[in-house]
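A.B. asks: Build me a model:
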Amino acid sequence: MSVRVLVPLAEGFEEIEAITVIDVLRRAGAEVVVAGLAAGPVKAAHGVLLQPDTTMEAALGGPGFDAVVLPGGMPGSSNLAADARVQRALGRAREEGRWIGAICAAPAVVLQSLGYLDGKQATCYPSFAAQLPAYNSARVVADGKIVTSQGPGTALEFALELVTRLFGRQKTDEVAGAMVVQGFSR
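C.D. replies: Residues are numbered from 1 along each chain as shown. Coordinates of the predicted model:
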């Protein structure tokens, strides 16, 4: 059984966070579907253009996902929060008991604003911490089926935590070892 992960991309996403999650999850064996909010390349917060695999419409028309993972960045996070298709994907994930991941601004700007963090510990980019009632200053926080992280400097830890949640610790150790990640432990 293949693990499927949706990574929606909106204009202004944070490059390191998106690419790290996509890369690490694919190394673990996940089918990562990178979906743009619009057709064509998506311009990131620092000018990098990334060509998604598909559009959100096409992604949502196919089989379901085991996880929806939101890269941060601004205005990328605001663009994700405002998109009805992203909201639908998150709602479906929650209803089906699937994983939801968000990093940087996305935990506050998307998940908190849509009510996904009610009663949950979470972390985010420090300048957004005041927006999270149950802010936790850890680099990566998992509470229930939601995994959050702080920003570009925590992207690798975040991605490896997602591997642990989706595949188990043995797969995380394999991927981290092959990438020469030393001292990773959760």
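
A.B. asks: The chain: helices as residue ranges?
C.D. replies: In order along the chain, the chain carries the following helices (DSSP state H): 15-28, 56-60, 76-82, 84-95, 106, 155-167, 169-178.

A.B. asks: tell me what the last one is packed against?
C.D. replies: So the one you mean is helix 169-178. helix 15-28, helix 155-167 (3 or more C-beta pairs under 8 Å, 6 or more residues apart in numbering; DSSP states H and E). Any C-beta I mention is one placed from the backbone N, CA and C, and that applies to glycine too.

A.B. asks: and what of the longest one?
C.D. replies: Applying 3+ C-beta pairs under 8 Å, 6+ apart, one finds that helix 15-28 makes contact with strand 4-9, strand 31-36, strand 49-50, strand 99-103, helix 155-167, helix 169-178.

A.B. asks: now the shortest one
C.D. replies: In this structure, helix 106 makes packing contacts with helix 76-82, judged by 3+ C-beta pairs under 8 Å, 6+ apart.

A.B. asks: show me where pLDDT drops low in the chain?
C.D. replies: Applying pLDDT under 70 to the predicted model, the residue ranges of the chain that meet it are 1, 184-186.

A.B. asks: how close does the residue nearest the centre of it get to A93?
C.D. replies: Relative to the mean C-alpha position of the chain, the nearest C-alpha, by C-alpha atoms, centre = their mean, is the one of V69, at 2.5 Å. Using C-beta to C-beta, to the nearest Å, one obtains 10 Å as the distance from V69 to A93.

A.B. asks: One more: K120?
C.D. replies: When distances are taken as C-beta to C-beta, K120 and A93 turn out to be 14 Å apart.

A.B. asks: Name the residue in the two with the higher neighbour count.
C.D. replies: For the pair K120 and A93, the greater number of neighbours falls to A93 (23 against 20), based on other C-beta atoms under 10 Å.

A.B. asks: Not counting its neighbours along the chain, what's nearest the more buried one?
C.D. replies: Leaving aside its sequence neighbours, A93 sits nearest to V68 (C-beta to C-beta, 6 or more residues apart in numbering; 4.7 Å).

A.B. asks: Confirm for me that that neighbour is in contact with L90.
C.D. replies: Yes - contact between V68 and L90 holds when scored by C-beta atoms under 8 Å: they sit 5.8 Å apart.

A.B. asks: who touches both of these two?
C.D. replies: Residues within reach of V68 and of L90 at once, by C-beta atoms under 8 Å, 6 or more residues apart in numbering, are I100.

A.B. asks: give me the number of residues near G47?
C.D. replies: By other C-beta under 10 Å, the residues close to G47 number 7.

A.B. asks: scratch that, D53 is what I was asking about
C.D. replies: Counted by other C-beta under 10 Å, the residues lying close to D53 total 15.

A.B. asks: Q87 now?
C.D. replies: Here the number of neighbours of Q87 (other C-beta under 10 Å) works out to 14.
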